[in-house]
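In: Dropping a prediction and its sequence here:
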Amino acid sequence: MSEADIRKVVQDELNNIAPEIDIATVDPAADLRETIDIDSMDFLNLVTALHHRTGLEIPEIDYPKLATLSGMVAYLEAKLKSAKTA
């Protein structure tokens, strides 16, 4: 899965959780929970959706790495690459 594919998956799932938000206007370095005003349950739903879409296990200890849009994409990209080599 390319970075563009990962970004599309993240964008799709964010749109499912917060359809009123224009993801294109979200600063990639900004805290997503604050920027798009999602609560902890929405965030958990997002993580679960990303797990289903990518097949990756995302442990709770890694949730802080998913705090920003760029962090989320980088995290998923790294996990997918390491899963391929394993």
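Out: That came in fine, so what should we check first? Since we're looking at a predicted model, the values are computed, not measured.
In: rest of the way, CA atoms for contacts and neighbours
Out: Noted.
In: Please tell me how far residue 4 sits from residue 44.
Out: Look at residue 4 and residue 44: by CA to CA, to the nearest Å, they are 23 Å apart.
In: The two - which one has more neighbours?
Out: Between residue 4 and residue 44, residue 44 has the larger neighbour count (other CA atoms under 10 Å), namely 14 against 11.
In: is it fair to say that one lies in a helix?
Out: Yes: residue assignment for residue 44, taken from DSSP: H, G, I helix; E, B strand; the rest coil, places it within a helix.
In: Give the full set of residues in contact with it.
Out: With contact set as CA atoms under 8 Å, 6 or more residues apart in numbering, residue 44 has no partners.
In: Quick check: which ranges of the chain have low pLDDT?
Out: Within the chain, the stretches falling below the threshold (pLDDT under 70) are 86.
In: residue boundaries of the helices in it?
Out: For the chain, applying DSSP state H gives helices covering 3-17, 32-35, 40-54, 69-85.
In: Output those in a markdown table; the columns should cover distance to residue 62.
Out: Written out in a markdown table, the entries for the helices of the chain read as follows (distance: least, CA to CA, whole Å):
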| stretch | distance to residue 62 |
| --- | --- |
| helix 3-17 | 16 |
| helix 32-35 | 15 |
| helix 40-54 | 10 |
| helix 69-85 | 9 |
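In: Hmm, residue 73 and residue 7 touching each other?
Out: Yes: with contacts counted by CA atoms under 8 Å, residue 7 reaches residue 73, the gap being 6.0 Å.
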